[in-house]
Structure formats: structure tokens, C-alpha cells
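Chemist: Here is a sequence with its predicted model. Questions after.
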Amino acid sequence: MKYNKQPLIEVNNLTKKFGDFKAADNICFYIESGETFGFLGPNGAGKSSTINMLTGLSRITSGEYFVLGNDFEKNHKELKKIIGVVPDESNMYDELTGFENLFFTGSLYGIDKRTRADRAKQLLKKFNLSEVKNKLFRYYSKGMKRKLTIAAALMHQPKILFLDEPTTGIDIQSARDIRSLIKQLNYDGKTVFLTTHYIEEAERLCERIAFIVNGQIVKIDKTNKLLIDENKGKTIEFVVDKVTPGIEKQIKEQFNVKLVNIKSKSYVVIESEDFTTIFPYIEFFNKLKINVLEAKVLKLSLEDVFVRMTGIESNFLKTEKGESTHD
Ligand SMILES: Nc1ncnc2c1ncn2[C@@H]1O[C@H](COP(=O)(O)OP(=O)(O)OP(=O)(O)O)[C@@H](O)[C@H]1O
């Protein structure tokens with residue numbers, strides 16, 4: 001595997017089997033310090049199965065997993081100190097207050113009382129929970145619960161934070177708050193691994209993304225590179241006043257195009273590798289006495305790229321109903 005410096009995380013051929021079924025199938029990737037890396041895939045793709053192995057919540061069936069070059073399985077007691085885990089179901093105690101939960105979590109890592117209390121206060125402030133610090137966890141809203149669970153995962157100041165679907169099932173405002181907190185944590189130097197089935201969330205937060213489908217990584221790259229590479233060929237949409245018979249063949253004869261799609265009597269869509277300007281096309285249409293009413297060069301979104309790579313319909317990867325991820 002190619003990387004610039006020693007990766008914080010390195011995974012080779014990681015596999016999780018349930019009976020004969022492979023929930024994670026020969027997964028390979030690395031994460032460098034300071035990155036936000038995302039696993040994007042629909043429900044049942046194998047995201048939780050993978051993150052559970054990476055965080056020691058479930059056993060690895062086969063493959064290798066290194067944290068800072070050390071075998072995780074052989075040194076998991078030591079290496080668990082480097083990682084922070086935010087599971088999809090909260091692991092906090094209902095009968096403790098927010099503060100007590102953080103204070104208790106700190107004790108599990110052997111942090112002295114004073115440091116624990118200081119860190120708990122700082123995290124409650126950072127996560128905007130100071131006002132509810134003495135309220136029992138059971139009375140927290142879902143968004144507050146998720147925030148406190150993230151805060152708890154940071155009590156021992158891990159190098160990397162693993163988040164499993166951090167914004168699923170919570171209200172819009174809390175989801176927004178959590179996304180900005182993740183951004184802030186990464187800005188402050190924390191390495192982040194997150195799983196999500198929201199394309200916009202992956203695009204917004206992750207520098208690199210792995211598309212995971214049926215337990216396998218089908219594509220892995222920098223987010224901006226995924227977009228640039230896939231947008232090399234251009235798609236141009238023409239709105240015309242009519243289409244004439246045989247126009248598809250004529251366009252293909254005249255221009256170096258990969259695809260011509262006559263969507264209706266007024267839409268002609270062309271995909272070209274070497275497109276530079278629309279003028280030759282307009283001239284061509286004019287010669288056929290077709291008026292071009294509008295011409296648009298379309299850009300692929302990450303959603304289009306995902307659908308292209310995986311063949312999976314994008315409505316499996318939408319934000320929750322009515323939710324906008326725009327901060
Ligand atoms: N304990 C288990 N026993 C048997 N099959 C399992 C078990 N856990 C997960 N699976 C199966 O493994 C596949 C991957 O599940 P996983 O939970 O890893 O997917 P996911 O991408 O996290 O999906 P979601 O977003 O729904 O949580 C699914 O088909 C699931 O039914």
C-alpha cells in the first residue's frame with residue numbers, strides 16, 4: 001500500500017464472517033494522522049461490521065489491522081488508549097448525569113480525579129452541554145445523548161475518533177452541531193474515521209472516502225479527486241425546439257462523442273471526452289433548422305459518482321426526510 005508517512009491506521013484484507021456470510025470482505029485501506037476518512041455505503045453494506053472490528057467491539061475473522069504499525073489484536077489493551085469510539089447505540093448510563101458519565105468514563109482510563117473533572121467540564125462546554133451537566137442522561141434529548149457520547153469518547157484524548165453513523169436518528173439542528181464539532185475536532189488535529197450513509201455528510205466532512213457495497217470497498221480516493229476525475233468527460237444538455245429523425249446518428253458522425261441521449265422531443269444530452277465549447281453544436285443544430293433554447297454543461301455530483309461506481313440508486317443514500325445538511 002502507498003502512503004507518505006507511517007499511517008495511523010492500516011488495514012489489509014480485513015474480513016468479518018457471520019457463518020458463511022461475509023459482512024466485510026477483504027477490506028484494505030489506511031488512514032494518515034490528521035485525516036477525516038469516511039466509509040460511505042447503504043444500509044447493510046458492512047460499515048458497522050468493519051468499524052466494530054477496528055474498535056475492538058468484535059473479533060476479526062481474518063486479515064491484518066495495525067495501529068501506528070502495531071498489530072491491534074496482539075496489543076489491543078495498549079492500543080485502545082489511542083482510539084476513541086462512538087458506537088451507533090450510546091454506551092452512557094441513564095442513571096448518571098452528563099457530568100457523572102464523563103467523570104466515570106475518565107476513571108475507566110485511569111485518569112486522576114482532578115484531570116477527569118477538568119476535562120469533563122471542558123468537554124461539556126465545547127459540546128454546549130454545560131447547562132444540562134447535572135441532568136440525568138435518561139432525560140437528555142437524542143441529540144444531547146449523541147453529543148455526550150462523543151464527548152465521553154474524547155475523555156482520554158485519543159489520537160483517532162471512530163464514529164459510527166454520528167448523525168443518524170437525531171434532529172436537524174443537533175446533526176448540524178455534530179458536523180461542525182467533527183470539523184472543529186479535525187481542525188484541532190484529531191484524526192477521524194466515520195461511517196455514514198449520507199452522501200452530503202461524507203462530501204462535507206471527509207477528505208477521503210471509501211465507497212462500501214456488499215462488504216467490499218469498490219472505490220477509495222480523495223473526495224475532490226473523485227469529483228475531478230469523474231468530471232473529466234463532459235455532459236452537455238441541450239434544450240431544443242424539436243428533434244429531427246436520425247439526429248443521434250448525425251451527431252455521432254459529426255462529433256467525437258461517447259453517448260447521445262434523446263431524452264424527449266426537446267432534450268438532447270451528449271457526453272464528450274474532448275468537449276471545449278458549445279458553438280460547433282449550436283451551428284450543427286442550426287443547419288438542421290433546430291433552435292437551441294438552452295445549453296448546459298452538467299457537472300457530476302458525488303452522488304452521481306457514487307451511483308456510477310456502484311450502480312446503487314442514490315435514494316438509499318439520502319439525508320433524512322426534510323433534513324438539509326447545509327450548515
Ligand atoms: N451479528 C450478525 N449476524 C449475522 N449477520 C450480521 C450480523 N451483524 C451484521 N450482519 C449482516 O452483515 C451485513 C452488514 O451489516 P452492517 O451492520 O455491517 O452494515 P452497515 O453498513 O453498518 O449497515 P447499517 O447502516 O444498516 O448499520 C448485513 O447484511 C447484516 O445483516
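Modeler: Yes, it's here. Note that the coordinates shown come from a computational prediction; the quantities given were computed from them, not determined experimentally.
Chemist: Quick check: phi and psi at residue 208.
Modeler: Dihedral pair for residue 208: phi -130, psi 150, per degrees, to the nearest 10.
Chemist: And for it, the neighbour number?
Modeler: 20 (other Cβ atoms under 10 Å). Glycine gets a C-beta too; all of them are placed from N, C-alpha and C.
Chemist: go on, residue 73?
Modeler: For residue 73, the count of nearby residues is 14 (other Cβ under 10 Å).
Chemist: same question, residue 115
Modeler: With other Cβ under 10 Å as criterion, residue 115 counts 12.
Chemist: Now for it: which residues touch it?
Modeler: Residues in contact with residue 115 (Cβ atoms under 8 Å, 6 or more residues apart in numbering) are residue 106.
Chemist: Check residue 85 too.
Modeler: By Cβ under 8 Å, 6+ apart, the residues touching residue 85 are 55, 57, 153, 162.
Chemist: Kindly report the same for residue 99.
Modeler: 120-121, 124, 133-134.
Chemist: Let's see which of those end up in helices.
Modeler: If you go by DSSP state H, those have 120-121, 124 in helices.
Chemist: closest to the ligand among the contacts of residue 85?
Modeler: Closest approach between these and the ligand, by Cβ to the nearest ligand atom: residue 57, at 11.3 Å.
Chemist: Surely the closest one and residue 89 touch.
Modeler: No. Judged on Cβ atoms under 8 Å, residue 57 makes no contact with residue 89 at a distance of 10.8 Å.
Chemist: Comparing the two, which shows the higher neighbour count?
Modeler: Ranked by neighbour count (other Cβ under 10 Å), residue 57 and residue 89 place residue 57 first, with 14 against 6.
Chemist: Let me see the backbone angles for that one.
Modeler: phi -80, psi -20.
Chemist: Buried only: go through the ones in helices among the contacts of residue 99 for me.
Modeler: 120, 124 (16 or more other Cβ atoms under 10 Å).
Chemist: Which secondary structure state does the residue positioned nearest the centre of the chain sit in?
Modeler: Centroid check for the chain by Cα atoms, centre = their mean gives residue 202 as the closest residue, at 3.0 Å. The three-state assignment at residue 202 reads helix, by DSSP: H, G, I helix; E, B strand; the rest coil.
Chemist: who's in contact with it?
Modeler: 38, 40, 196, 209, 223, 302.
Chemist: now the residues you listed as CSV including secondary structure?
Modeler: As requested, these are exported to CSV (three-state DSSP):
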residue, secondary structure
38, strand
40, strand
196, strand
209, strand
223, helix
302, helix
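Chemist: right, and out of those, which lies closest to the ligand?
Modeler: residue 196 (8.7 Å).
Chemist: Next one: the nearest residue to the closest one once chain neighbours are set aside relative to the ligand, how far apart?
Modeler: Spatial nearest neighbour of residue 196, excluding adjacent residues (Cβ to Cβ, 6 or more residues apart in numbering): residue 202 at 5.4 Å. The gap separating residue 202 from the ligand is 13 Å, by Cβ to the nearest ligand atom, to the nearest Å.
Chemist: State the pLDDT value of residue 202.
Modeler: pLDDT, residue 202: 91.
Chemist: Now residue 309. Its backbone dihedrals?
Modeler: Residue torsions, per degrees, to the nearest 10, at residue 309 are phi -70, psi -30.
Chemist: By neighbours, which of the contacts of residue 85 wins?
Modeler: If you count neighbours using other Cβ under 10 Å, the busiest of these is residue 162, which has 23 neighbours.
Chemist: near the ligand, which residues of this structure?
Modeler: 18, 23, 41, 43-49, 197 (Cβ under 6 Å from any ligand atom).
Chemist: out of these, which is most surrounded?
Modeler: Going by other Cβ under 10 Å, residue 41 tops the residues of the chain next to the ligand with 28 neighbours.
Chemist: Do I have it right that that residue meets residue 209?
Modeler: No. Applying Cβ under 8 Å as the test, residue 41 and residue 209 come out as separate, 10.1 Å apart.
Chemist: List the residues that contact the residue of the stretch 101-250 of the chain found nearest the ligand.
Modeler: Nearest to the ligand in the stretch 101-250 of the chain, going by Cβ to the nearest ligand atom, is residue 197, at a distance of 5.4 Å. By Cβ under 8 Å, 6+ apart, the contact set of residue 197 is 40-43, 45, 47, 165, 168, 316-317.
Chemist: Could you check the pLDDT of it?
Modeler: 87.
Chemist: now swap in residue 193 and tell me
Modeler: On pLDDT, residue 193 comes in at 97.
Chemist: now the host helix or strand of it, how far from the centre of its chain.
Modeler: Element membership for residue 193, per DSSP states H and E: strand 191-196. Relative to the chain's own centre, strand 191-196 is displaced by 7 Å; criterion: Cα atoms, centre = their mean, to the nearest Å.
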